[in-house]
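1. just coords:
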């Protein structure tokens, strides 16, 4: 899979965590968008032309967010 075509929306309220994970993902060739909370994540996902798949650890984020399709 060509990672250059993959976009990840990274959401966390701690900037240090976002910076650490973003650096690692970008080194692997991913395009990384970031948001500090769920509201900003929804805005980012609506402004992004490419599809974003939701993966949430610790809670079922798919049940909390309206479909962005």
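-> Sure thing, it's come through. Since we're looking at a predicted model, the values are computed, not measured.
2. residues of the lengthiest helix in the chain that come out buried?
-> Assignment by DSSP state H gives helix 15-27 as the longest helix of the chain. By 16 or more other Cβ atoms under 10 Å, the buried positions in helix 15-27 come out as 18, 22, 25. Backbone N, C-alpha and C define where each C-beta goes, glycine included.
3. Could you do stretch 31-46 as well?
-> 32, 33, 34, 35, 41, 42, 44, 45.
4. In this structure the third one contacts residue 23, no?
-> No. At 11.4 Å, residue 34 does not count as touching residue 23 under the criterion of Cβ atoms under 8 Å.
5. Mind telling me what element residue 34 is part of?
-> Using DSSP states H and E, residue 34 maps to strand 31-35.
6. On the C-terminal side of that strand, identify the next helix or strand.
-> Immediately after strand 31-35, counting by DSSP H and E, sits helix 38-47.
7. elements contacting that following helix?
-> Applying 3 or more Cβ pairs under 8 Å, 6 or more residues apart in numbering; DSSP states H and E, one finds that helix 38-47 contacts strand 7-11, strand 31-35.
8. Just put the ones you listed in a markdown table and tack on mean pLDDT.
-> Listed next are those as a markdown table, based on pLDDT from 0 to 100:
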| stretch | mean pLDDT |
| --- | --- |
| strand 7-11 | 87 |
| strand 31-35 | 89 |
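9. Quick check: which helices or strands does the longest helix of the chain pack against?
-> strand 7-11, strand 31-35.
10. List the residues that contact residue 13.
-> 36, 37 (Cβ atoms under 8 Å, 6 or more residues apart in numbering).
11. Residue 23 versus that one, what's the distance?
-> In this view, residue 13 and residue 23 are 18 Å apart by Cβ to Cβ, to the nearest Å.
12. got it, and residue 41?
-> 19 Å.
13. and the nearest residue to residue 41 once chain neighbours are set aside, bridged to which residues?
-> In this structure, residue 41 finds its nearest non-sequential neighbour in residue 35, 4.0 Å apart by Cβ to Cβ, 6 or more residues apart in numbering. Following DSSP bridges, residue 35 is listed with bridge partners residue 11.
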